[in-house]
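Peer 1: from the sequence below, what's the structure:
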Amino acid sequence: MAERRALKPPLPGGRAAVMDTGRVNQKQRTRQALFDAAGQLLAAGARPTLADVAEHALVSKATAYRYFASADALIAEVMFDRDFPSVEQVLGPIGNEPTTRVLAVEAAVNDALLSHEQAMRMIVRNAIDMTLAETDGTAHRTGRRQALIAAAVEPLAKALKPAAIKRLRHALALVIGPEAILAARDVCGLSPQETRKVTRWAAEAIVAHAMTDGARAGGR
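Peer 2: Down below sits the predicted model:
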């Protein structure tokens, strides 16, 4: 009788979680290396292929294609990232009034997306294509808006419970970002100007609702 192979015991939960985190971090580092390499080549006046970027980033071409479907998709993201507003640029001159801060972020992000609509669409398409190609379902989204939204709602930390702040951030991410723009433009058929009016109204309504709920609950 053939000897049975001993089954390896499953990894302890803690160790498995560490390995998963390590893989995620490695993917982020590889993606950033490709991103930085493309930026350096563009700054030098080149119009690089994905193979050029991979070579400059010291990774294989096959690896590069696991993160970006084409050089155009990568270049579009690099160019968009250069013009994407920072927290300091948007909120530096703004006071602590929550609605004013959120509307400043909404305007900065959604204006940037509409000003770079073609690049935005390429970035979203690339992220979806790469996510579908992943066997583990890893999402290929950078979440640029998240830091801006979190900073915008910071003054509400004393008035709302942590769970309410978290829910507010998530709700605002639904109306500040490419998904809102695509829904308004493609599903509703709105013009860029009409889109901006709707996203601004929605952001303001979400903040007002969160503040009303917080007042009813007695804050923290």
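
Peer 1: low-confidence stretches in this structure?
Peer 2: For the chain, the stretches with pLDDT under 70 are 1-24, 135-142, 215-220.

Peer 1: now the phi/psi pair for residue 68, please.
Peer 2: phi -140, psi 130 (degrees, to the nearest 10).

Peer 1: number of nearby residues for it?
Peer 2: When neighbours are defined as other C-beta atoms under 10 Å, residue 68 has 26 of them. The way it works is simple: take the backbone N, C-alpha and C, and place the C-beta from them, glycine included.

Peer 1: can you list the domain ranges for the chain.
Peer 2: Domain ranges of the chain: 16-80, 84-220, per automatic domain parsing.

Peer 1: spatially central residue in the protein, please.
Peer 2: residue 143 (1.4 Å; C-alpha atoms, centre = their mean).

Peer 1: and it, what does it touch?
Peer 2: With contact set as C-beta atoms under 8 Å, 6 or more residues apart in numbering, residue 143 has no partners.

Peer 1: for residue 156, give its distance to residue 84.
Peer 2: According to C-beta to C-beta, to the nearest Å, residue 156 stands 24 Å off from residue 84.

Peer 1: out of the two, which sits in the busier spot?
Peer 2: residue 156 (20 against 17).

Peer 1: quick one: the one helix or strand residue 129 maps to to chain centroid distance?
Peer 2: Residue 129 is part of helix 117-133, with elements assigned from DSSP states H and E. The chain centroid and the centroid of helix 117-133 are separated by 12 Å under C-alpha atoms, centre = their mean, to the nearest Å.

Peer 1: counting by contacts, list what that helix packs against.
Peer 2: helix 71-83, helix 178-182 (3 or more C-beta pairs under 8 Å, 6 or more residues apart in numbering; DSSP states H and E).

Peer 1: give me the contacts around the longest one.
Peer 2: Taking C-beta under 8 Å, 6+ apart as the criterion, the residues outside helix 71-83 that touch it are 34-35, 38-39, 42, 48-50, 52-53, 67-68, 112, 115-116, 118-120, 122-123, 125-126, 142, 144.
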